[in-house]
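J.: Need coordinates for the below:
(chains A, B and C)
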Amino acid sequence: MSATPDTPATETDTVDTDAAVTDTDTVENDTVETDSLQEWADALVDELGALCSTVEFDTVRIHVDPARWVETINQARKKLELFSWLSAIDWSKDVEVGDTVEDVDALEERFEVLCRLSSVENADGAIFVAVIDKENPSIDSLMPTIGGAEWHEREAHEMFGIDFVGNTNLAPLYLPDDFIGNPLLKSYPLLSREVKPWPGDVDVEPMPEEPEVTATDDVESDEDGEES
Amino acid sequence: MNFWLELIIKLVAILGFVLTGALVVIYAELKAGSHMQGRIGPYYAGGRWGWAQPLADGLKFLQKEDLSPIGADRTVYGFAPYVVMMSTLAVFVVIPFGPDMVGRDLDLGIYFILAISSLSVLGILMAGWSSANKYSLMGGLRAAAQLIAYELPLVLAAAAVVVQAGTMSMNGIVAAQSETWFTVAGIDIAMPFLLKGQIISFIIFMIAVVAELSRIPFDMPIAESELTMGYLTEYSGIRFTMFFLGEYASMIAFSAIAATLFLGGYAAPGVPDNLANLVGPGVMLLKIALIVFVIIWIRWTWPRLREDQLQRLAWFWLIPIALANIGVIAIFKVVF
Amino acid sequence: MTDLGMIHRSESAVSIELQTPDMTLNIGPQHPSTHGVLRLIAKVAGERVTDVEPVIGYMHRGYEKLSEVRTYAQITTLVNRIDWVAGFASEVPFIAGVEKLMDVEVPPRAQYVRMILTELARIASHLVFMSSYPLELGATTPLMYALREREYILELIEEVTGGRFHPNFNRVGGVKPVYGGGSMTKKWSLDLPEGFLQRARDAMDRMEQICDDIDTLVSDNELIKMRTVGVGVIPRDKALEYGLTGPNLRASGVAYDLRKVENLLPYDEIDFDIAVRTGGDCYDRYVIRIEEVRQSSRIVRQAVDQIPSGPLQTKVPRVLKAPRGQVYSRGENPKGEFGYYIVSEGARMPYRLKIRSTSFSNLSILKWVLQDALLPDLVAIMGSLDFVLGDVDR
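T.: Numbers count the residues shown, from 1 in each chain, chains lettered A, B, ... in the order given. Prediction:
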């Protein structure tokens, strides 16, 4: 889907300074691809009666009304047959672990339930997004129509505390039965890190003997003075 | 000779032969299996070729704690391996290694063997039931179903030989194979039953033997990947060793029976009668080794069958074919 | 004395009385055929499995949570531990996703190195399957044959990356420098080890040979066919419903290979076929992997011939910060679609990383496909799905 790096190789006659040309090429290609993807996504939104779509980094997200979640997904599966995965994102202001979002104040606290469907004929695929509120997180289950959703919903249930109405088997999948809490919530601390900070928390991975990485061009011609 | 002295000598000889034989077969299996898999196998134990590996294994097993599960029926659990071992040892009583090199030449030799070897089913059922383990139970039941199903083709294949030989005595069967069958250019040619029209019986017998031994492709009672170790799951220490030795001892026993029934037993071409007792054991061991090797070979080549396929093979194929085979042989026996 | 009607009635009464409750058989988490720590709570009526409940999570390491406190460079260390049988193949989609986020271009030579190593990892993974699957059916010898050949592949991977199982070789913008590679005079070099390409070609000869050997020993074996043909059939619609991918899906007649549809790596410059079979049974799932090894070996041969010269790394900022955005990056792991949904909020660490691991989806069909299977078939079917517990539990 993205522009592959072989673009400069195919147009070698015009290449002088690699970096510049490559950059512009990539950008051009990206926009072209993104436009066609956006059209495809918009068509899908119309077809399914979804809310809206976003396309970034070749990733199509289709926003779906949570009330029509099961219906939309089932309709979409006629075209995108492969049920790939289902999960959720916790958008939260209260972040115990990791970094917060860029503008915390403007953030609207919510869960996003994601479900990815793919076509098995080509590279088409979309992530369906339903936004549900954090107070009473619940959404209809896909399990009755998509058997494979069972485990994914169980995982999302135990990790985020989202209730999937209609899933008959929401027992914990990974965690022990007596586990309390929903570990993938942003407000859930990493307890061992409370005791001792992560020792590997450094920014930079220094390269051996040479901090600035410049790669050699050839296998054989690597004698040119790197033994400083 | 004194009856008791003779008895003791024979017992010790049989026991010694079976135990050393089992160790040798275990070593052969380790080594042959390794070479078939492109490995070296035992290498260090004993200094050369790892010859002492089975001994070392045995000593290790003896040192291990003899565990029994809490829920186990201790008496039955403890007794089971000895039942298996006993039924195997008893078979050797009637196996002839020479005209006089036989524990006891019973008139009903083959009948005795088939009867006594079936007793090992009891031991295995006891082990499976008393272990208080579901895997053991399933293994025991599988073993019972399997051994009963394959007892029939085994008996029928042996019966075909008995029909042709006209005797049930093991020595008599060997003698029947040493008889001159025909004469070419003044040389009397004797043929083992295998070459005298018993090829189908032999194949059926060998399939049944592999099944009786619970070895691949019929090792469902043990089936590591399904039942962990089947009826052996809970056993350790000396009792496991008993089962283990018993398995290899009965491999020798059945190979010896097959050698006697189909390959002419201790008889070999060109051996004068007065040397038969001397050469006989060597000939017999050679034939046993041949069959043991085939059984080992099968084990390291093939996968395992499924329980229902195993039963289907026995009831739908082996038993009808064996019955038809007896009929054909009986007709030939009467006609010629 | 006997009344036939009586006998008949009493027999039926006995048969009602003998309606015994199903036995619950606890298979695992320590069991020879569960490849680690999978547990199956099976209800069995004799040999027949009436119901089975898989229990996973014994190896849950919380990588999704952990990734929220790890920088992008550190996460590669984690992700190659998800599917450790093909560690390299699970690194690539992640690093490609980060590169897409950061708009970093990878030099073509590095792309080719990634492709070669991914295919080597695929061969290694399939060899594990080719060795362990006959073992589940009771054949012990293919194990040794295939694992022996796998050593040659692992040696190649080790030679380049320094690790047999956990290469941790991908960096944003290329691959990491190789210890002792390139020339003998230097300790570090930025290229492949000398003679590596030729050794890769030699190893491919061996791989094609072992495929033929395994075909003779296993695939054409009548007993193997008895055990696997028609066993555990997964039809196309069920496979898609449960999210099966990779060889498991292709054995059900769907020619879906991410190497053809995605372009994380320059597979479009390579000529290879997608192995497809239509039966959807254990046998097809088994032989399709042998065919894939042959195709992978074709890919490696071509890639080794075509590999362009050039650097293995581009310049990237010292501190890796991905811009804000969300990307789903997926690649063809030996077991199927391996994907990472990276939610970046412009920091050094992802805000959320969803790992779409292959075996998790592949295994989720277990409950459906094991209905009414025989106990030996349970093992055969489970093995044919080719899962790795680290990949299931993440």
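
J.: Please report how far C:M144 lies from B:W300.
T.: As judged by Cβ to Cβ, to the nearest Å, C:M144 and B:W300 stand 10 Å apart. Yep, even glycine has a C-beta here, placed from its N, CA and C like the rest.

J.: Repeat that for B:A249.
T.: Using Cβ to Cβ, B:A249 is found at 20 Å from B:W300.

J.: Settle it for me: which of these two has more neighbours?
T.: Between B:A249 and B:W300, counting by other Cβ atoms under 10 Å in any protein chain shown, B:A249 is the more crowded of the two (24 against 18).

J.: Am I right that that one is in contact with B:V18?
T.: Yes - counting by Cβ atoms under 8 Å, B:A249 touches B:V18, with 4.9 Å between them.

J.: what sits in contact with each of these two?
T.: B:T88, B:L89 (Cβ atoms under 8 Å, 6 or more residues apart in numbering or on different chains).

J.: The longest helix belonging to chain C vs chain B: in contact?
T.: As assigned by DSSP state H, the longest helix anywhere in chain C is helix C:108-136. Yes - with Cβ under 8 Å from any Cβ of the partner chain as the criterion, chain B is reached by helix C:108-136 at C:P134, C:L135, C:E136.

J.: tell me what that helix is packed against?
T.: helix C:87-102, helix C:141-161, strand C:174-175, helix C:196-214, helix C:282-306, helix C:375-384 (3 or more Cβ pairs under 8 Å, 6 or more residues apart in numbering or on different chains; DSSP states H and E).

J.: To chain A, which of the ones you listed lies closest?
T.: Closest to chain A of those, according to Cβ to the nearest Cβ: helix C:87-102, at 5.2 Å.

J.: Check which helices and strands the closest one sits against.
T.: Against helix C:87-102 (3+ Cβ pairs under 8 Å, 6+ apart) you get helix C:72-79, helix C:108-136, strand C:170-171, strand C:325-333, strand C:336-344.

J.: before we move on, which element is the spatially most central residue of chain B in?
T.: Nearest residue to the geometric centre of chain B (Cα atoms, centre = their mean): B:F254, 2.4 Å. Counting by DSSP states H and E, the element that carries B:F254 is helix B:237-262.

J.: what does whichever helix or strand comes after that helix contact?
T.: Toward the C-terminus, helix B:237-262 is succeeded by helix B:276-299 as the next helix or strand (DSSP H and E). For helix B:276-299, the external contacting residues (Cβ under 8 Å, 6+ apart) are B:25, B:28-29, B:32-33, B:36, B:96-101, B:206, B:209-210, B:213, B:215-217, B:251-252, B:255-256, B:258-260, B:263-268, B:271.

J.: From those, list the ones also adjacent to chain A.
T.: When Cβ under 8 Å from any Cβ is applied, no member of the contacts of helix B:276-299 is adjacent to chain A.

J.: of these, buried ones?
T.: Buried members of the contacts of helix B:276-299, scored by 16 or more other Cβ atoms under 10 Å in any protein chain shown, are B:25, B:28-29, B:32-33, B:36, B:96-99, B:101, B:206, B:209-210, B:213, B:215-217, B:251-252, B:255-256, B:258-260, B:263-268, B:271.

J.: Look at the residue nearest to B:I288 when sequence neighbours are not counted and report its pLDDT.
T.: Spatial nearest neighbour of B:I288, chain neighbours left out: B:S255 (4.5 Å); criterion: Cβ to Cβ, 6 or more residues apart in numbering or on different chains. pLDDT recorded at B:S255 is 90.

J.: dump the residue contacts of B:S255.
T.: Contacts of B:S255 (Cβ under 8 Å, 6+ apart): B:V209, B:K287, B:I288, B:I291, B:V292, B:I295.

J.: pLDDT score for the last one?
T.: Looking back up the chat, that one is B:I295. pLDDT at B:I295 comes out at 90.

J.: Run through the strands of the chain in chain order.
T.: All of this is about chain A. A:52-56, A:59-64, A:82-91, A:110-118, A:125-132, A:138-140, A:163-165 (DSSP state E).

J.: you looked at the wrong chain, it should be chain B
T.: Under DSSP E, chain B gives strands at B:182-184, B:187-189.

J.: Include mean neighbour count, distance to chain C and mean pLDDT when you put those into a markdown table, please.
T.: As requested, the strands of chain B are exported to a markdown table (neighbours: other Cβ atoms under 10 Å in any protein chain shown; distance: least, Cβ to the nearest Cβ, whole Å; pLDDT from 0 to 100):
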| stretch | mean neighbour count | distance to chain C | mean pLDDT |
| --- | --- | --- | --- |
| strand B:182-184 | 8 | 38 | 73 |
| strand B:187-189 | 11 | 37 | 72 |
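
J.: Give me the phi and psi angles of the residue in the stretch 201-336 of chain B that chain C sits nearest to.
T.: The nearest approach of the stretch 201-336 of chain B to chain C comes at B:R304, 2.8 Å away (Cβ to the nearest Cβ). The phi/psi pair for B:R304 (degrees, to the nearest 10) reads phi -90, psi 140.

J.: where in chain C is pLDDT low?
T.: Applying pLDDT under 70 to chain C picks out residues C:1-20, C:34, C:177-190.

J.: residues contacting B:A211?
T.: B:Q146, B:L147, B:A149, B:Y150, B:F218, B:L310, B:A314.

J.: Can you give me the neighbour number for the residue nearest to the last one when sequence neighbours are not counted?
T.: Taking Cβ to Cβ, 6+ apart as the measure, B:A314 lies nearest to B:A149, with 4.1 Å between them; neighbours along the chain are not counted. Residues near B:A149, counting by other Cβ under 10 Å, number 19.

J.: Once you drop chain neighbours, what's closest to the residue nearest the centre of chain A?
T.: The centre of chain A sits closest to A:T59, judged by Cα atoms, centre = their mean, with a distance of 8.1 Å. Nearest non-adjacent residue to A:T59, counting by Cβ to Cβ, 6+ apart: C:Y328, 4.6 Å away.
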